[in-house]
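> Here you go, sequence then predicted model.
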Amino acid sequence: MLDEIRARIEAEIEKLMHELKVVLPKAIQKAVEHGDLRENADYKSALERQQFVQARLSQLTKRMGELSRIDPSAMPIDRVGFGSRVKVLNLAMNEETTFTIVAGDFMDLDSGQVSLASPIGRGLLGAKEGQEVVIHLPVGERRFKILELVTLPQQMGVGEK
């Protein structure tokens, strides 16, 4: 899980660095060549994009620092937390679903990833296998029973259940 997130961040950083160092300078230079910069929409657009790319790079660099401080051996091995894979039973619909708890900017609902900050992520956080939880969603309350739990430390071979 951590390696996958690191790889995704590194790929995005590489793409943004290319844009910042190659693509945007060319776009800015081309816009400058068109003359009056006060009313040059291409120039303003390129500068705005440059600011966005710089802000995103800063955010990604910070995220990489946060990831390097995650210590799986200090995480609980019996409770839902960051990186946990959780198989739940929707008690009202008698339907099983598997979620992986991830950071907000790496959420992919189609593959079952939910953010720690989402209602489902917050509702499952700290729960144990076999426990029933009530999650408050915008469409109302949902009751889930946790059928299986594989925590990040277990996925990395740290600790025992």
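Done, it's in. The structure presented is a predicted model; accordingly, all values stated were derived computationally and were not measured. Residues are numbered from 1 along each chain as shown.

> Give the buried residues for stretch 25-36.
Neighbour-count burial for stretch 25-36 flags 27-28, 31 (criterion: 16 or more other Cβ atoms under 10 Å). C-beta: built from backbone N, CA, C; applies to glycine.

> residue boundaries of the helices in this protein?
2-18, 24-33, 41-68, 119-124, 152-155 (DSSP state H).

> Count the residues that sit near Leu125.
Neighbourhood size, Leu125 [other Cβ atoms under 10 Å]: 16.

> same thing with the one 5 residues further on?
When neighbours are defined as other Cβ under 10 Å, Gly130 has 10 of them.

> Let me see the contact set for it.
145-146 (Cβ atoms under 8 Å, 6 or more residues apart in numbering).

> With Gly112 instead?
By Cβ under 8 Å, 6+ apart, the contact set of Gly112 is 97-100.

> again with Arg79
Arg79 sits next to 126-128, 149, 151 when contact means Cβ under 8 Å, 6+ apart.

> Check the spacing between it and Lys87 real quick.
15 Å (Cβ to Cβ, to the nearest Å).

> quick one on the thing from earlier: same list (the contacts of Arg79) but as CSV, adding neighbour count and distance to Gly112.
Converted to CSV, those look like this (neighbours: other Cβ atoms under 10 Å; distance: Cβ to Cβ, whole Å):
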residue, neighbour count, distance to Gly112
Gly126, 12, 20
Ala127, 22, 17
Lys128, 12, 20
Leu149, 23, 14
Thr151, 25, 16
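
> In strands only, show me those.
Leu149 (DSSP state E).

> Name the nearest of the contacts of Arg79 relative to Gly65.
Thr151 (22.7 Å; Cβ to Cβ).

> ok now do the closest one, which residues does it touch?
75-81, 83-84.

> go again using 7 Å as the cut-off
75-77, 81, 84 (Cβ atoms under 7 Å, 6 or more residues apart in numbering).

> Make JSON lines from the residues you listed and add pLDDT to it.
Below are these laid out as JSON lines (pLDDT from 0 to 100):
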{"residue": "Met75", "pLDDT": "84"}
{"residue": "Pro76", "pLDDT": "85"}
{"residue": "Ile77", "pLDDT": "88"}
{"residue": "Gly81", "pLDDT": "91"}
{"residue": "Ser84", "pLDDT": "92"}
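
> Which among those count as buried?
Here, 16+ other Cβ under 10 Å leaves 75, 77, 81, 84 buried among those.
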